[in-house]
Every structure is written in C-alpha cells, then in structure tokens.
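Asks: quick one, what's the 3D model for this:
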Amino acid sequence: MRIGDYQLKNRILLAPMAGITDQPFRRLCANYGAGLTFSEMMASNPRVWHTEKSKQRLAYHQDVGINAVQIAGSDPQEMAQAAQVNVGYGAEIIDINMGCPAKKVNRKLAGSALLQYPDLVQQILEAVVRAVDVPVTLKIRTGWDRQNRNCVEIAKIAEQAGVQALTIHGRTRECLFEGEAEYDNIKAVKQQVSIPVIANGDITSAQKAQAVLDYTGADAIMIGRGALGQPWIFQSVAGLVENGSTTLTPSLKEKCGVILRHIQELHQFYGEEKGYRIARKHVAWYLQGIQPNSSFRQTFNAITNAKAQITALEEFFNLILLDKDNNVRTTT
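Replies: I've put the predicted structure just below:
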C-alpha cells in the first residue's frame, strides 16, 4: 500500500490514540510489524505548538519508520498552520482527526463533531492540503449519529480535496465505543472513491483483520484498542494478512521481557516522576492478557517510584514463570 510517495511495509496500521501512542509505544508496535504508526493527536491551537508536552507527543525515532502526525481543530487556517509547523518538526504524513468522539474535543467543534458540517470539512481539508507538500490523510467515523451516516459524502469531499488516504472507524460519534463496529458503511465508501480506504474498529485478532479486509475490500486495516496490552498483535495480523501464515503468539517469557523493556523506556522517555504514573495503565492492559484476575495490579498502582516498579515487575514475572514451569513438569 502507498500513501502519496510512501510505500508502507504492510497494510496493518496503528491508530493514533491520545495518551497512548507516544514514541515508546509506537516503536514497540513498529518492531512487531505495524506498517505505519501515528502520533497522538496534536491540537491546532498555536499556544500549544511549542510546549514541552507537545514536543513529547511529536518525539520521533527512526525505528518508528514513516513519521505520521495527527492534528485536530476546527479553524481551516489554524489547521493549515499546525500542519506546516508539524512538517517543520519532521512530519512526513499529516493526518486530520475528524473521528474523535470525546466531549472535550467535540465541544470545540473538532474531531467527529465536524461531520455535521460538510462545508467546513471541505474548507479544512483544502486548506491543509494546500499548506503542505507531504501527503494528507483523514480519519473519520461513519457519521455523527445513526440517522446521519454521511461517510460516503465526506469521503468524496476528501478525495476531491486531495486527501491521499481515508480511515473510517465503523461507528458513529453517538456510538462512542459501545456496541459492535459495523463495516457496511466502510464497504460502501470503498466502492465510491479511488483513494486508499483503511478500515478501523474492533479489530482484535488476525482472523478478524482478514475478515474485515475481505468483506469491505479496504486497502488496509487500522488497529487501536486491540493493541493495548498486546503490541505483538501486529506480528500475527501481518503474518496472516500478508503471508497467509499463522504466527505463534510470543511465549510468556518473551512477553515478560517486552513488558519490562517497555516500562523502562517509559521511565526514560518521560522521566521517573511522570513515567511511573504512565506505566500504570500499560501494566493494567498487559495483565489482562497474562493474569487478568491478579491482585498485582493494585500492588503495582500503589508504587510511587520507578525503580520500585521495575523490581516489583521482575519479582512478579519470576513467580509466574516459575509457576508455569512447575505446572509443565507436573503435567508431563
């Protein structure tokens, strides 16, 4: 798959997620095979462009591959300027957020709220495309609510404006993240436009990814919440979708090593004071796939020191690996 002049290494993309797709997480997903990863959403408000928080969100590492940055806002000129600033910082693809359902974003007429105003959508897309010489992509939902699923209309506007790829989450803004994603509207969009269409929503396994691609005819799939606590999902999805082969899930020992390295990188990236707080949510997601009913989560959340977090994780992993070895010996 191509986006503008960029050839992606595969069709399996990591979704931009606020508070999650920082540099350490993007590197991890890229190492496991994500064909393209996106930064956290950057506001178009000029007052935040040069803050320390914004610089952290935009932090790039060559291991990530193509540097794709997502921006959000509602003013066409501010969005154009934000795109230029981010390209100046090294962005190679600019993605426009018109899919976020969060109230604090929608109150500012940004994210999925923009789907109510196709004329404004057109103005924003045209302004951003004119402003930069890198590919511009767009992420949307199927519409504002179930009675107003206008993704085909928005897709045609995007194509005419020069947008070079379109991601569609198979829910309306009204749905938030509830219920199941639907793919009929993604299929309809794919049949109406010639630009690459990327399907998103509830893709949590290689089999589901293949089924969504087959049903919608989409050019690629994007994984968001399905990667939380299991960044190795990209390896298994890419194996099936690109090569038709089944890839074994990493061993428990490998997973434990990956988790430890990820938490250490969070401490290094954010500094110990902020890093240990951010580590908590990632450890909670990892535990869901390792020991979902473990009381260790509460123990871990009570720790207020980065080094103590690493020590606690090492001790916990040593115990569960030892238990596994003992169970294997007992059953054999």
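
Asks: packing partners of the biggest helix by length in the chain?
Replies: Longest helix in the chain, counting residues (DSSP state H): helix 306-331. Counting contacts by 3 or more CB pairs under 8 Å, 6 or more residues apart in numbering; DSSP states H and E, helix 306-331 packs against helix 252-270, helix 272-290, helix 296-301. Every residue, glycine included, has its C-beta placed from N, CA and C.

Asks: and of the ones you listed, who's closest to Gly88?
Replies: helix 252-270 (22.2 Å; CB to CB).

Asks: tell me what angle the closest one forms with helix 306-331.
Replies: Orientation check (axes from the mean of the first three to the mean of the last three CA atoms, to 10 degrees): helix 252-270 against helix 306-331 gives 170 degrees.

Asks: list the buried residues of helix 252-270.
Replies: Residues Lys255, Cys256, Val258, Ile259, His262, Ile263, Gln264, Glu265, Leu266, His267, Phe269, Tyr270 are the ones in helix 252-270 that count as buried (16 or more other CB atoms under 10 Å).

Asks: before we move on, back to that, any chance of the helices and strands packed on helix 306-331 in a markdown table, plus distance to Asn200 and mean pLDDT?
Replies: Listed next are the helices and strands packed on helix 306-331 as a markdown table, based on distance: least, CB to CB, whole Å; pLDDT from 0 to 100:
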| stretch | distance to Asn200 | mean pLDDT |
| --- | --- | --- |
| helix 252-270 | 23 | 97 |
| helix 272-290 | 19 | 95 |
| helix 296-301 | 28 | 95 |
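
Asks: the ones you listed: which one's closest to Ala199?
Replies: Of all the helices and strands packed on helix 306-331, helix 272-290 comes closest under CB to CB, at 22.8 Å.

Asks: and the closest one, what's buried?
Replies: In helix 272-290, counting by 16+ other CB under 10 Å, buried: Gly275, Tyr276, Ile278, Ala279, Arg280, His282, Val283, Trp285, Tyr286, Leu287, Ile290.

Asks: is it true that the third one touches Ile263?
Replies: What it means is Ile278. No. Applying CB atoms under 8 Å, one finds Ile278 not in contact with Ile263, separated by 9.3 Å.

Asks: okay, helices next: where are they in this structure?
Replies: Taking DSSP H, the helices of the chain run over residues 23-31, 52-58, 76-88, 103-106, 118-131, 151-161, 184-192, 206-216, 233-243, 252-270, 272-290, 296-301, 306-331.

Asks: just name the most buried of these.
Replies: Most buried of the helices of the chain by mean neighbour count (mean count of other CB atoms under 10 Å) is helix 23-31; its value is a mean of 23.

Asks: what does that helix contact?
Replies: Residues outside helix 23-31 that contact it (CB atoms under 8 Å, 6 or more residues apart in numbering): 14, 34, 37-39, 56, 59-61, 63-65, 227, 231, 234, 258, 262, 265-266, 269, 282.
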